[in-house]
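A.B. asks: Build me a model:
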Amino acid sequence: MTAVAPRPAEAAPASRGARLFDAVLFDRDGTLIHDVPYNGDPALVRPVDGAREALDRLRAAGLRLGVVTNQSGVARGRFGPAGLAAVNARVEELLGPFETWQVCPHAEDAGCRCRKPAPGMVIAAAAALGTTPDRCVVVGDIGRDVAAAEAAGATAVLVPTRETLLSEVASAPAVVNTLGEAADLVLHRQRFLLPPGQRQPRRRRRCVLVARADSAGDVLVTGPAVRAVAAGADRVVMLCGPRGRAAAELLPGVDELVEWRLPWIDPEPGPVDRAATEAMVDRIAAAGVEEAVVFTSFHQSALPLALLLRMAGVGRISAVSDDYPGALLDVRHRVPAGVPEAERALSLAAAAGFAPPAGDDLRLRISVPARIRRGRHVVVHPGASVPARACPPHVYARLTAALTAAGHRVLVTGGPGETDLTAAVASAGGVDLGGGTSLAELAEIVAGAGCLVAGNTGPAHIAAAVGTPVVSLYAPTVPFGQWAPFRVPVVRLGDASAPCRDTRAAVCPVPGHPCLSTVEPAAVLDAVRTLIREAA
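C.D. replies: As a prediction, the model looks like this:
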């Protein structure tokens with residue numbers, strides 16, 4: 001890989017809160033300029049429509065820009081370093097300066113760590129710009145750009161062209177039509193964390209209730225938003241359901257937990273009990289809660305809980321609501337589709353006046369003692385709370401056998417109700433830990449792993465919270481862009497265009513579970529090798 005040293009840049013505008021992104025990295029050919037195969041002639045450089053305007057808007061917002069580009073034409077002898085430099089110079093002449101250029105000159109079969117879809121250039125570009133990959137956006141036009149971004153832990157945005165495969169569009173976490181729309185998306189997500197309350201600082205609140213009455217994964221992705229609320233409050237009370245309590249106990253910033261199975265949220269609700277409901281209203285009133293922020297997923301309503309909070313005397317309530325809330329909400333927030341759940345929650349906290357404090361990295365985080373040093377063992381978690389999101393057991397058994405044969409120590413984990421599953425998967429060469437760990441103990445095990453192999457389930461978000469890379473065997477029943485492991489290196493496997501896509505099905509509606517049954521052990525081995533190598 002070759003690189004150009006970053007130029008000195010003007011300081012970004014000061015911000016009182018945390019920034020979601022520091023930099024945007026672009027693929028060159030097909031993204032910034034029209035693709036001319038193996039081009040070493042600067043006269044053939046033509047920017048795509050609107051490129052200069054889009055880049056200048058990003059620069060004006062204080063974002064640093066770089067380029068990450070595969071240029072195998074050097075290795076093939078189609079042009080030399082001088083031709084490459086001349087083309088890059090022409091790009092800058094037309095589009096303005098970039099603070100770092102990362103170029104892979106190697107051939108496809110070189111096995112280097114820089115050629116996309118490997119994440120090496122993204123990691124190097126982030127370092128050159130004085131930031132980390134999770135604070136970068138990568139914009140490209142094909143699947144290898146997306147894969148490189150995700151394997152580095154960066155945010156990926158795909159701008160398809162006629163060369164982009166439909167399967168690449170289906171698996172991308174964010175897809176836009178033009179470079180201008182990509183800039184719009186980045187700036188809009190960045191502005192989510194700059195609430196109106198920053199213009200008029202609000203007094204520190206004595207006691208704020210935050211609510212997320214879902215499963216462990218849902219609670220974990222709300223963690224950065226809970227920290228933002230805690231930064232502006234003396235005391236934070238968290239209302240959670242029984243499925244998410246163990247995760248809520250690990251969240252920094254929470255002073256008190258209140259557990260209640262909300263019958264309009266829980267997937268297996270009991271009948272509505274008037275006495276229990278009135279008792280919960282009385283408990284919230286007795287806690288002295290003066291303000292509440294109600295976090296929900298994109299398909300849930302915050303209004304039933306808002307009504308009960310009003311009955312408990314809570315004076316100010318904020319929530320996302322597309323439905324008319326009447327007098328139930330003081331802050332009615334709107335979020336466009338496709339925003340990652342963690343950012344969705346952060347944007348609500350910001351709209352309520354709780355901006356993330358300066359210096360917060362905005363990652364998922366939990367309080368777990370670091371008693372296990374990170375190693376090279378692999379954790380395989382075959383279960384999932386929703387069957388449609390679980391890879392078939394025989395596939396997990398095959399990949400466990402392949403990982404073991406490749407020299408990896410494999411730990412197979414699962415909950416108390418998954419011991420038959422973990423025993424079957426571990427019999428292929430893994431160590432069966434099924435049913436033998438609490439959530440906190442599972443987090444310690446995952447924190448010590450080289451990577452986690454799992455579906456769209458709570459342990460994937462635990463891995464994100466402890467910084468462990470994830471091989472995501474992801475069923476497309478819900479959008480990957482919303483539920484992917486947040487700001488952590490990830491390799492996505494599975495058929496993103498399977499017929500179950502966006503159905504939100506709890507049980508697979510397609511015979512044979514085609515989205516995940518086709519995952520091959522060789523693909524998992526390659527993903528594990530990439531993630532562990534880059535984390536080393």
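
A.B. asks: Output stretch 121-129 in CSV, but only the C-alpha positions, please.
C.D. replies: Extracted in CSV, the C-alpha atoms of stretch 121-129 (Å, rounded to 0.1, in the frame of the first residue of the first chain):
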residue,chain,number,x,y,z
MET,A,121,-6.5,1.1,3.7
VAL,A,122,-9.5,2.3,5.8
ILE,A,123,-7.5,1.6,9.0
ALA,A,124,-4.5,3.4,7.6
ALA,A,125,-6.5,6.4,6.4
ALA,A,126,-8.1,6.8,9.8
ALA,A,127,-4.7,6.7,11.5
ALA,A,128,-3.3,9.3,9.0
LEU,A,129,-6.2,11.6,9.8
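
A.B. asks: Going by neighbour count, list what's buried in that stretch.
C.D. replies: Of the residues in stretch 121-129, Met121, Val122, Ile123, Ala124, Ala125, Ala126, Ala128, Leu129 count as buried by neighbour count, 16 or more other CB atoms under 10 Å. Glycine gets a C-beta too; all of them are placed from N, C-alpha and C.

A.B. asks: can you check stretch 220-238 too?
C.D. replies: Buried residues in stretch 220-238, counted by 16+ other CB under 10 Å: 220-233, 235-238.

A.B. asks: Filter the residues you listed down to the ones in strands?
C.D. replies: Those of the buried residues of stretch 220-238 mapping onto strands are Ala233, Arg235, Val236, Val237, Met238, per DSSP state E.

A.B. asks: Can you name the element that comes right after the helix or strand of the chain with the lowest mean pLDDT?
C.D. replies: Lowest mean confidence among the helices and strands of the chain (mean pLDDT, DSSP states H and E): strand 2-4, at a mean of 45. Next helix or strand after strand 2-4 toward the C-terminus (DSSP states H and E): strand 23-26.

A.B. asks: what are the pairing partners of that following strand, and which direction each?
C.D. replies: strand 64-70 (parallel), strand 136-140 (parallel) (DSSP bridges).

A.B. asks: residues in contact with that strand?
C.D. replies: 32, 58, 63-68, 98, 102, 122, 125-126, 129, 131, 135-140, 149, 154, 186 (CB atoms under 8 Å, 6 or more residues apart in numbering).

A.B. asks: returning to what we had before: tell me which of the buried residues of stretch 121-129 fall in helices.
C.D. replies: Counted as lying in helices by DSSP state H, out of these, are Met121, Val122, Ile123, Ala124, Ala125, Ala126, Ala128.

A.B. asks: Verify the stated contact: the second one with Val138.
C.D. replies: Yes - Val122 is in contact with Val138 according to CB atoms under 8 Å; the separation is 5.9 Å.

A.B. asks: Identify the contacts common to the two.
C.D. replies: With CB under 8 Å, 6+ apart as the test, Val122 and Val138 both reach Leu25, Val68, Ala148, Ala149, Ala152, Ala154.

A.B. asks: out of the buried residues of stretch 121-129, which one sits closest to Glu268?
C.D. replies: Using CB to CB, Val122 comes nearest to Glu268 of the buried residues of stretch 121-129, at 42.0 Å.

A.B. asks: Next one: the closest one from Gly143, what distance?
C.D. replies: Distance, Val122 to Gly143, by CB to CB, to the nearest Å: 15 Å.

A.B. asks: and if you look at Ala126?
C.D. replies: 21 Å.

A.B. asks: Please apply the same query to Ile532.
C.D. replies: Ile532 sits 22 Å away from Gly143, going by CB to CB.

A.B. asks: now swap in Ala428 and tell me
C.D. replies: Distance, Ala428 to Gly143, using CB to CB: 30 Å.

A.B. asks: Same question for Leu257.
C.D. replies: Leu257 is 42 Å from Gly143, where distance means CB to CB.

A.B. asks: between those two, which one's more packed in?
C.D. replies: Gly143 (20 against 14; other CB atoms under 10 Å).

A.B. asks: Report the contact partners of that one.
C.D. replies: Residues near Gly143 by CB under 8 Å, 6+ apart: Pro117, Leu158, Thr164, Leu165, Ser167, Glu168, Ser171, Ala172.

A.B. asks: Now list the buried members of those.
C.D. replies: For those, buried by 16+ other CB under 10 Å: Pro117, Leu158, Thr164, Glu168, Ser171, Ala172.

A.B. asks: Tell me the predicted confidence for Ile366.
C.D. replies: Note on Ile366: pLDDT of 95.

A.B. asks: Which parts of the stretch 401-536 of the chain are strands?
C.D. replies: 410-412, 431-432, 451-454, 470-473, 490-493 (DSSP state E, counting those that start in this stretch).

A.B. asks: Name the stretch from the ones you listed that approaches Ile445 most closely.
C.D. replies: Closest among the strands of the stretch 401-536 of the chain, using CB to CB: strand 410-412, at 6.3 Å.

A.B. asks: From the contact counts, what lies against that closest one?
C.D. replies: Packing contacts for strand 410-412, counted by 3 or more CB pairs under 8 Å, 6 or more residues apart in numbering; DSSP states H and E, involve strand 378-381, helix 393-405, helix 419-426, strand 431-432.

A.B. asks: strands paired with the shortest one, and their directions?
C.D. replies: In other words, strand 431-432. strand 410-412 (parallel).

A.B. asks: Would you mind giving the secondary structure of Val103?
C.D. replies: Taken by DSSP: H, G, I helix; E, B strand; the rest coil, the conformation at Val103 corresponds to strand.

A.B. asks: Bridge partners for it, pull those for me.
C.D. replies: Applying DSSP bridges, one finds that Val103 bridges with Thr2, Thr69.

A.B. asks: wouldn't it be in contact with Thr69 here?
C.D. replies: Yes - look at Val103 against Thr69 with CB under 8 Å: they come within range, at 5.6 Å.

A.B. asks: Now do the contacts for Cys114.
C.D. replies: By CB under 8 Å, 6+ apart, the neighbours of Cys114 are Met1, Gln102, Cys104, His106, Gly120, Met121, Ala124.

A.B. asks: quick one: which of these has the most company?
C.D. replies: Counting by other CB under 10 Å, Met121 has the largest number of neighbours within the contacts of Cys114, with 30 neighbours.

A.B. asks: where does that residue sit relative to Gln300, distance-wise?
C.D. replies: For Met121 relative to Gln300 (CB to CB), the value is 39 Å.

A.B. asks: Phe354 too?
C.D. replies: Taken as CB to CB, the span from Phe354 to Gln300 is 20 Å.

A.B. asks: more crowded one of those two?
C.D. replies: A count of neighbours by other CB under 10 Å puts Phe354 above the other of Phe354 and Gln300, at 29 against 20.
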